[in-house]
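Novice: build me a structure from this.
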Amino acid sequence: MKRSLIKLKILVGIISFFLWANALAEVVLPQHEKSMSVGNVDCASSTCHGSVVPWSQSPVLQNEYFTWKNMDRHSQSYQSLLSQKSIQIAQKLNLAQPAHVTTQCLNCHTHYPDKKLQGKSFSVQDGVGCESCHGPAEKWGVTHTQKGTTHQDNIKHGLYPTSRPLALAKLCNSCHVGDATKFVSHRLLAAGHPRLTIELNTFLKIEPPHYLVDEDYKLRKGELSPVKIWAIGQAEIAIARLDMLSDPKRNHQGIFPEQALFDCSACHHQFSQQQISSKINQAPGVLRLNDSSLLMLRAMVQVALPDKIGQYNRLVYELDQSFSQKNTLVNSFENVQDKAKKLSLLIQQMVPALEAFVYSPEKVRAIFITLVKGSPDYSNYADAEQAYMALSSVGEVYLQNYSKNASQIKNSMVQLSKELASEEQFQAQSFIKQYSKFAQFLQVQNGVQ
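Specialist: Predicted structure coming up:
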């Protein structure tokens, strides 16, 4: 009986994974959609989405274009390619052309589809605009205003499903983390490009909202769970980085590993500074993977998929160990690639369960406490930054249901944010000390040891 139950669970898991994979295969990022991009101007009419103020009798705000144009930094992403800093980066990289006409730059700083799919009113100077996120509007732009058209109809016509956490994560991460076609390498960082980071739910909060999650929105698109958005976002970051690490075309530059995938502070620090040892006590000088998303995901797996946490921790440990094993260079790379592939596959298999997981108040509380208890692991800026953003995202929901001592919790968050004020002056020991105080307070409050 027990063996039959195990077989049934395995079968259900396999079916769920393939259903998820097939559904995901239908989602094409806007840049690669084979419809015509018509340009932002088609959305800019005052009777369309260009109103200065929201409409009171409309199911949507109608001022979406105005908000994007005047308050959203994405609207200036192309213009940043004309800056003196971008000119200097292009020169340092010995680019054949300036940044504002180089495909490598345009792929993220604009909506940049194939030339034959750029309509008469389309302009790369719009930067990251309407069709960058919502998809080329050739088909859905016509039908989405027609009476009786549903949200699902629009998606069938090419509207990108930004209300689905997994699709949203893949879209945002494709530029803020990178994918098979675009990536901010260590060479680009060394030339002056800012370090990239993202936490999906936090970034959605920061960006000026051009939609209202009211009853009509929920009816058309479903309810948005901040914790689910955070969890799926972290899973997709981890998958993207692991896939880069496992790809021999992307995981190294010359004889060096692709250092943008690793912890910056392992190399970029003064010799006089006392560096905290790595999580698995690697020898000094060994490159440490930027595992911030893996640390965040660990808390989620521990609560949502406790039967997977042992396997997850083992694969993370084996991946970390693979960087310090004494081997030939070729074998070392092959070993790292193999470990990265196995961990990526496990996370991909877990994503459907993370999407289907019910984020009840009790489970959110457990995730929040698990995150706080992880403070000793947050020993570099990237880890600490993600930990703080995770606490902000999960903590917001936590406080909605467990408001006891909310002011102390908010004060602790303020203190943590001060520790992250400067990446150059970040002190891991000080951050961990503040974080540990928060952990002790929270565990006492919740009766957790």
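Novice: tell me where this structure has strands.
Specialist: For the chain, applying DSSP state E gives strands covering 252-253, 256-257.
Novice: could these go into a markdown table alongside distance to residue 233 and mean neighbour count?
Specialist: Every residue, glycine included, has its C-beta placed from N, CA and C. Listed next are those as a markdown table, based on distance: least, Cβ to Cβ, whole Å; neighbours: other Cβ atoms under 10 Å:
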| stretch | distance to residue 233 | mean neighbour count |
| --- | --- | --- |
| strand 252-253 | 27 | 15 |
| strand 256-257 | 25 | 14 |
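Novice: below-threshold pLDDT in the chain: ranges please.
Specialist: Low-confidence segments of the chain (pLDDT under 70): 1-26, 270-285, 326-332, 446-449.
Novice: which one's the longest helix in it?
Specialist: Counting residues, the longest helix found in the chain (DSSP state H) is helix 329-356.
Novice: for it, buried residues please.
Specialist: Using 16 or more other Cβ atoms under 10 Å as the burial criterion, the residues of helix 329-356 that qualify are 332-333, 335-337, 339-344, 346-355.
Novice: same question, stretch 367-382
Specialist: 367-375, 377-382.
Novice: now for these, which pair is the farthest apart?
Specialist: Largest separation among these by Cβ to Cβ: 369 and 381, giving 23.7 Å.
Novice: picking that back up, and the buried residues of stretch 367-382, which of them are in helices?
Specialist: Within these, residues falling in helices by DSSP H are 367-372, 381-382.
Novice: now do the closest residue to residue 138 other than its chain neighbours against residue 290, distance only.
Specialist: Nearest residue to residue 138, sequence neighbours excluded (Cβ to Cβ, 6 or more residues apart in numbering): residue 36, at 3.7 Å. From residue 36 across to residue 290, the span is 38 Å (Cβ to Cβ, to the nearest Å).
Novice: residue 40 too?
Specialist: According to Cβ to Cβ, residue 40 and residue 290 sit 35 Å apart.
Novice: do residue 198 as well
Specialist: Residue 198 is 13 Å from residue 290, by Cβ to Cβ.
Novice: and those two? Which one has more around it.
Specialist: Comparing residue 198 with residue 290 by other Cβ atoms under 10 Å, the one with more neighbours is residue 290, at 23 against 19.
Novice: show me the contacts for that one.
Specialist: 241, 261-264, 382 (Cβ atoms under 8 Å, 6 or more residues apart in numbering).
Novice: one more time with 7 Å, if that's ok
Specialist: Applying Cβ atoms under 7 Å, 6 or more residues apart in numbering to residue 290 gives the contacts 241, 261-263, 382.
Novice: same check, this time on residue 401
Specialist: Going by Cβ under 7 Å, 6+ apart, residue 401 touches residue 361.
Novice: the one 5 residues further on too?
Specialist: Shown here is residue 406, whose contacts under the criterion Cβ under 7 Å, 6+ apart are residue 399.
Novice: do residue 87 as well
Specialist: Residue 87 makes contacts with residue 98, as judged by Cβ under 7 Å, 6+ apart.
Novice: any idea how far residue 78 is from it?
Specialist: From residue 87 over to residue 78 the distance is 14 Å, taken as Cβ to Cβ.
Novice: just give the closest residue to residue 445, not the sequence neighbours.
Specialist: Excluding its sequence neighbours, the residue lying closest to residue 445 (Cβ to Cβ, 6+ apart) is residue 405, at 5.8 Å.
Novice: how far away is the one you found from residue 399?
Specialist: Look at residue 405 and residue 399: by Cβ to Cβ, they are 10 Å apart.
Novice: what do you get for residue 34?
Specialist: Taken as Cβ to Cβ, the span from residue 34 to residue 399 is 45 Å.
Novice: between these two, tell me which one has more neighbours.
Specialist: For residue 34 versus residue 399, neighbours defined as other Cβ under 10 Å are more numerous around residue 399 (16 against 12).
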